[in-house]
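Peer 1: Here is the input, now give the coordinates:
(chains A and B, ligands or ions: 2)
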Amino acid sequence: MYDIVLRNGRLIDPETRLDVIGDVAINGSAIVAVGRVEGTGHKEIDATGLVIAPGFIDIHAHGQSLAADRMQAFDGVTTTLEFEIGSLPVGHWYEQQTKTTRLLNYGISVSWVAARIAVMTGQDINHAPLTLMGRSIRDRRWVDDVATDTQVSAITAMMEQGLREGGIGIGIPNAYLPGAGVKEVSQICSLAARYDVPTYTHISFSSNIDPRSSVEAYTRLIGYAGSTGARMHICHFNSTSLMDIERCAELVRNAQAQGLRITVEAYPYGTASTVIGAPFFADPAFPQRTGQGYDALQRLDNGQHMTSREDVLRASAEKADNLVLWHFLDVESNQRHRDLLDISVLYPGGIIASDAMPWTMPDGSTYMGDAWPLPDEAVAHPRSSGTFTRFLRVYMNERKAVSLIDAMAKCSWLPATIIECAAPTMRRKGRLQVGCDADICVFDADTISDRAEFTAMNRPAVGVKYLLVNGQPVIEAGELAANASTGQPVRGCYRA
Amino acid sequence: MTALTPPAGARMGAVPVIVIGGFLGAGKTTFINRIINSFPTRKLSAVVNDFGAIDIDADLINLGREQVIPLRNGCICCSLQGDMLSTIRYLLDQPVRPDGIIIECSGVSQIGDVKTALLDAVFWKEAALDSVICVADGQDILEDPAYFAQSLRAEQFRDGDFIILSKMDQMSPEQRQSVRERVLAQGKRAEFVLDNTAVQQMENLLFSFSFDYAATPGRSRGLRASDAVPVQPFASLAWESDRPIAFDIFQQVIGAHAPTLLRAKGILYASHAPETPAVFQMVGNRVTVGAGHDPEAGTHRSRIVFIGYEGQIDLRTLRTDMDRCVAE
Ligand SMILES: [Zn+2]
Ligand SMILES: [Zn+2]
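Peer 2: Ligands and ions are numbered 1, 2, ... in the order given. Next up is the predicted model:
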């Protein structure tokens, strides 16, 4: 007799490429049988017509509250980790979580930001990661200043203590610490390399023009990976590369091909892209195809008609004033823009991560209550409710750009592989295998969809019928089922 | 709260957002007050940075609490996105929706962060970045020959679509001219002196509701459009077409005319997506194109209003060039 048997679903295990119809048996918090299950369960769940897959693992989630857990549960997430910013002291952060209800497995990285705030300004760092950054801005030295050698030693010492307390790697939100020097970052990367843990970087610049271009920032990151041997994970590859994503992806691919341990994540939401000068819709065949020639354009200064694309480009180059910054916000109807987003979302071996924002109340506080549905006035980005389901709806269902099993790999197994060097228990997550944790997402692959939008951010995604976290139902028959803490901490574990 | 929110799609486009930057003491508060007072028939809400509150004095508080909202989390980076989302959602959920939102930024780095947050596609459909205005102390520029050598200042100017110069009233005409020339040399196209006429002059440039296409006189159907001169010293062109626009050529036209344009706004139907209205908005040299709502849905008529300085904007060539954007 098993605790729970999921019957007759489409079993997906991305690691072993398993894709068959079958059952899953669960005892306690572990998967004990996968395939044909003979015995019965105290609880039998009919999964006919549904996919049974490992629950999704989100390594970039700022929410970290009951409200955030609930919304992410409907997005298929069973493990939600705040790695981009992180926290300090790490032990204290984990202790705080045990005082609240957490439905999903949770974890934190070591916060470089917090170490800088503490060492360089002496301000109190006992706040949730994003709140901490906001509160500490009264004294900006941690943002703007280069740290002295003594300060760097103190910062890295605090961070090393964070690793010892179980922080899962190191958050390097470089863009928010523009004053930090390369020597300091390289020390932090060396610390990560010594402990063999990942770093999670929000690159220092996002612009398509030098100096301080995205390309410069990625080149630096690749340099850190090469010179220190650190594992460097790139946060939201989509939003920081802008129009240079093709070139950025090429640089990262080359670095990976040389054995550097660099990984990328993306979320499937359009971002404003800035185009400088050259036409976004530039297409060499354009004049012929449309019957329009470049002689359509008259030069303002001398009244002459332009006769070729080269003429036009030359004219723009001559007059720097002519540089126009174009922001395109419309992914859906713009093929070129969509192609650019695809490069990061479908990057081979890249993962999906939400960058989910905390649920914020009109007075600016983070919503920590337990109302369900969430109060209307609690606001986050739609990413906080629909990143994974949106990815499945758009990329798997509507555009058929990714297969079910590859989509599952990007949502669960690949994220686990990025962090299992630091948190060995992650080897039991992101997999539908005997002995693994019963973190399972059972969903209707045809109807799965995000539903949150600006005017209704608290609208949960649809399609996830059952969600098990450590063998406990969090969603049952499409409804929220859990009110107690089903989530467990994921911690780092090191020998260095 | 739900009952107060109009159903999605019922709205006539996004609420325009003006971002105001400038160093402490440059005159941001004065300017924000003048904007609010110069649009008495509009409901404008100001979002101010709690931690930069030294610059926000009793003047602003006099406008009433419901019109002035502090950003509580200190207005930085990714905490900013959450804070702005909730603040703007709060403003849009009020029984009377604001016609415009003004966001005050205290630090230099904030302008970029606020711009980035507002250019999120989710925001843009509801609260669209309209223009970034940099308020600068004219006296400082006059007295400090190395004013623009300081990177923070140069950056602040670079971010501004329009520059407002304060503390110019004590200067001689020559001094004023020298300050203006130095600002123009930074590649800025429009600078205004913060005096009684400045906001009046800017009325045509601030907030997209002030130059609604339909309200522009002299519009005509078909490929020909008339020139309309709203308020000196500006001249404008209202252009429209029933046939879709070749976007590639359009971008070139805008690029070519950019130095003479201060603002442009309209609805576009591009030949690569002739069924989908795109909202086009140009402020200074910054253009934003995104999915939007066409109040005259079904007509598929592209229409744009261009505004420039009288004597600089070449209305005739602009119209000819625009006509050539129309796909055959
Ligand atoms: Zn980030
Ligand atoms: Zn983030």
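Peer 1: Which residue would be the closest one in the stretch 101-250 of chain B to chain A?
Peer 2: Residue nearest to chain A within the stretch 101-250 of chain B (C-beta to the nearest C-beta): residue B:119, separated by 3.3 Å. Where you see a C-beta, it was placed from the backbone N, CA and C, and this is true even at glycine.
Peer 1: What are the contacting residues of stretch A:208-226?
Peer 2: A:174, A:182, A:185-186, A:189, A:201, A:203-207, A:230-232, A:234, A:240-244, A:247-248, A:251-252, A:255, A:258, A:260-262, A:274-276 (C-beta atoms under 8 Å, 6 or more residues apart in numbering or on different chains).
Peer 1: Give the buried residues for that stretch.
Peer 2: By 16 or more other C-beta atoms under 10 Å in any protein chain shown, the buried positions in stretch A:208-226 come out as A:208, A:213, A:214, A:215, A:217, A:218, A:220, A:221, A:222, A:223, A:224, A:225.
Peer 1: Just the pLDDT at the third one, thanks.
Peer 2: We have a pLDDT of 91 for residue A:214.
Peer 1: Dihedrals phi and psi, it?
Peer 2: phi -60, psi -40 (degrees, to the nearest 10).
Peer 1: By pLDDT, give me the weakest of the buried residues of stretch A:208-226.
Peer 2: residue A:208 (75).
Peer 1: Could you look up the SS state of that one?
Peer 2: Classification of residue A:208 by DSSP: H, G, I helix; E, B strand; the rest coil places it in coil.
Peer 1: so what's residue A:184 up against?
Peer 2: Going by C-beta under 8 Å, 6+ apart, the list of residues near residue A:184 reads A:146, A:147, A:152, A:155.
Peer 1: Show the model's pLDDT score for it.
Peer 2: So residue A:184 comes in at 98 (pLDDT).
Peer 1: Just confirm the residue of the stretch 101-250 of chain B closest to chain A contacts residue B:288, I think it does.
Peer 2: Yes - the criterion here is C-beta atoms under 8 Å, and residue B:119 meets it with residue B:288 at 7.2 Å.
Peer 1: More neighbours: which of those two?
Peer 2: residue B:288 (23 against 20; other C-beta atoms under 10 Å in any protein chain shown).
Peer 1: so what's that one closest to, chain neighbours aside?
Peer 2: Nearest residue to residue B:288, sequence neighbours excluded (C-beta to C-beta, 6 or more residues apart in numbering or on different chains): residue A:327, at 4.4 Å.
Peer 1: And for residue A:466?
Peer 2: residue A:442 (3.8 Å).
Peer 1: Which neighbouring elements make contact with whichever strand or helix holds that neighbour?
Peer 2: Using DSSP states H and E, residue A:442 maps to strand A:440-443. Secondary-structure packing of strand A:440-443 (3 or more C-beta pairs under 8 Å, 6 or more residues apart in numbering or on different chains; DSSP states H and E): strand A:2-13, strand A:51-54, strand A:464-469.
Peer 1: Export these as a markdown table, with columns for mean neighbour count and mean pLDDT.
Peer 2: Listed next are the helices and strands packed on strand A:440-443 as a markdown table, based on neighbours: other C-beta atoms under 10 Å in any protein chain shown; pLDDT from 0 to 100:
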| stretch | mean neighbour count | mean pLDDT |
| --- | --- | --- |
| strand A:2-13 | 21 | 98 |
| strand A:51-54 | 28 | 98 |
| strand A:464-469 | 27 | 98 |
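Peer 1: where does the chain dip in pLDDT?
Peer 2: Answering for chain A, as no chain was given. Low-confidence segments of chain A (pLDDT under 70): A:271-323, A:330-334, A:495-496.
Peer 1: Chain B is the one I meant
Peer 2: B:1-13, B:49-82, B:106-109, B:189-190, B:194-232, B:327-328.
Peer 1: check which helix or strand covers the residue nearest to the spatial centre of it.
Peer 2: Among the residues of chain B, the one closest to the centroid is residue B:131, at 2.4 Å (C-alpha atoms, centre = their mean). Applying DSSP H and E as the criterion places residue B:131 in strand B:127-137.
Peer 1: touching chain A at all, that strand?
Peer 2: No - contact between strand B:127-137 and chain A is absent, the nearest approach being 8.7 Å (criterion: C-beta under 8 Å from any C-beta of the partner chain).
Peer 1: How is chain B partitioned into domains?
Peer 2: B:15-202, B:211-324 (automatic domain parsing).
Peer 1: Which residues lie in contact with residue A:119 in this structure?
Peer 2: A:147, A:151, A:154, A:155, A:158.
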